[in-house]
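S.K.: what would the 3D arrangement of this be:
(one chain, ligands or ions: 1)
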Amino acid sequence: MNLPIYLDYNSTTPVDPRVLAAMLPYFTQKFGNAASRSHAFGWEGEEAVEIAREQVARFIGAEPKEIVFTSGATEGDNLALKGVFESYAAKGNHIITVVTEHKAVLDSCHHIQRLGGEVTFLPVDAEGLIDLAGLEAAIRPSTVLVAVMYANNEIGVIQPIRAISAIARRHGILFFTDATQAVGKVPVDVNADGIDLLTMSAHKIYGPKGIGALYVRRRNPRVRLAAQMDGGGHERGMRSGTLNVPAIVGLGKASELCQMEMAAEAPKVAALRDRLETGLLAIEGARVNGSREHRLPQVTNISFPGVDGEALLAGLGKDVALSSGSACTSASMEPSYVLKALGVADDLAHSSLRLGLGRFTTAEEVDYAIGRIRETVEKLRERALQ
Ligand SMILES: *Cc1c(COP(=O)(O)O)cnc(C)c1O
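M.R.: From the prediction side, this is the model:
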């Protein structure tokens, strides 16, 4: 067993060696610009991109032409929200989203507010779920988009996507979901789930960083999207810029592997997560944040009352790599806004850990992590009593 143990898979994942192997030729030998139409180097690059586009499309039940490559989910979120807001200005200027969304969604919405748009931020209940009646009540004649993430990055809670998309569709409103955490862990199908726009990112599914995809529905309805990056008209004009061929090949391969292996991998990782959770809940006072029923298979978020999360992380030191409930807002030591939205008190939010498991996690690592976390929690509590 190698230290430190990695339990921060929601933050990023290692590149699967099979993904890296698929990418390597596209750096040095097959280095052509996929937009070069006049020679074999370009054709080779373009062919690789189109194969990847098919792999990504198949993974989420889409058509290849509905996939736009981006630099990741942050860009995809920006493009979906700002692109729809701009394109549908004649119809209305109101967007509905949720307080527990990723910052890429929340801050894009704040930007839209500064441009004169109106945004409703729906609350969540103690489980982290939105209220469907509340969603329906928030709809106005001017609503153009409902944006609800598929699964949350901090607590793993999965929203009732099909019920949400059905409400949006009934009112003739587009539905966008940030599915960055969901794809590869639970089945996601844009048609069965009623999704009009979807973002995903390679580095959360064992692909490289700096590449992602935005799904844009082309039929029933055809979604119009104003580009946010102007230039050579790549990606059917929706996202200009020379395509990052090796990274796109990596995203395609990562998607294919997830599609093939998810059915076997998800229950295996869920069993390890449950083992970890059971071990940690044996620590006095420990409690899980968010729904345990509607949740991704590979993550748990646990509070340890009376212990400071940052001290806990520091105490775990070089042995276990994970995130705390206050680290997510980077420089600031604010407790997580996601946990606050669930009604978790500040001190409990400060005492929380997010543990994300993944493809390469072992039972041995889980058992070691339980021991180290228990030891550290107990030591910090003793110190607090002195
Ligand atoms: C990681 C993540 C993002 C950002 O993705 P990048 O590709 O790193 O920009 C957006 N949304 C969610 C839910 C995420 O987990």
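S.K.: residue ranges for the helices of the protein, please.
M.R.: 17-23, 25-28, 40-60, 73-87, 103-114, 132-138, 161-170, 245-281, 309-316, 337-341, 346-350, 363-385 (DSSP state H).
S.K.: of the ones you listed, which approaches the ligand most closely?
M.R.: Using Cβ to the nearest ligand atom as the criterion, the shortest distance between the ligand and the helices of the chain is 3.2 Å, found for helix 73-87. For glycine as for every other residue, the C-beta is placed from the backbone atoms N, C-alpha and C.
S.K.: need the helices of the chain in CSV with mean neighbour count, mean pLDDT and distance to R224, can you?
M.R.: As requested, those are exported to CSV (neighbours: other Cβ atoms under 10 Å; pLDDT from 0 to 100; distance: least, Cβ to Cβ, whole Å):
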stretch, mean neighbour count, mean pLDDT, distance to R224
helix 17-23, 17, 98, 33
helix 25-28, 14, 98, 32
helix 40-60, 19, 97, 20
helix 73-87, 24, 98, 4
helix 103-114, 18, 98, 16
helix 132-138, 14, 98, 23
helix 161-170, 18, 98, 16
helix 245-281, 20, 98, 24
helix 309-316, 19, 89, 44
helix 337-341, 22, 96, 32
helix 346-350, 19, 92, 40
helix 363-385, 16, 95, 47
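S.K.: got TSV for these, with distance to the ligand too?
M.R.: Shown next, in TSV, are the helices of the chain (distance: least, Cβ to the nearest ligand atom, whole Å):
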stretch	distance to the ligand
helix 17-23	15
helix 25-28	20
helix 40-60	14
helix 73-87	3
helix 103-114	5
helix 132-138	19
helix 161-170	14
helix 245-281	11
helix 309-316	19
helix 337-341	11
helix 346-350	19
helix 363-385	22
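S.K.: what's the closest of the ones you listed to G356?
M.R.: Of all these, helix 245-281 sits nearest to G356, with 8.9 Å by Cβ to Cβ.
S.K.: what is the closest one packed up against?
M.R.: Applying 3 or more Cβ pairs under 8 Å, 6 or more residues apart in numbering; DSSP states H and E, we find helix 245-281 packed against helix 17-23, helix 25-28, helix 40-60, strand 287-288, strand 299-303, strand 352-356, helix 363-385.
S.K.: for the fifth one, output the C-alpha coordinates as PDB.
M.R.: Looking back up the chat, that one is strand 299-303. C-alpha atoms of strand 299-303 as PDB (Å, rounded to 0.1, in the frame of the first residue of the first chain):
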ATOM      1  CA  VAL A 299     -18.700   9.500  -2.000                       C
ATOM      2  CA  THR A 300     -19.700  10.200   1.600                       C
ATOM      3  CA  ASN A 301     -19.600  13.500   3.500                       C
ATOM      4  CA  ILE A 302     -19.300  13.100   7.300                       C
ATOM      5  CA  SER A 303     -19.200  15.500  10.200                       C
END
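S.K.: for M262, which of the helices and strands packed on helix 245-281 is the nearest?
M.R.: helix 40-60 (9.4 Å).
S.K.: for the closest one, name the packing helices and strands.
M.R.: strand 67-70, strand 197-201, helix 245-281.
S.K.: does the first one reach the ligand?
M.R.: No. Judged by Cβ under 6 Å from any ligand atom, strand 67-70 makes no contact with the ligand; its nearest approach is 8.3 Å.
S.K.: need the helices and strands packed on helix 40-60 in a markdown table with distance to Q181, can you?
M.R.: Shown next, in a markdown table, are the helices and strands packed on helix 40-60 (distance: least, Cβ to Cβ, whole Å):
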| stretch | distance to Q181 |
| --- | --- |
| strand 67-70 | 17 |
| strand 197-201 | 9 |
| helix 245-281 | 13 |
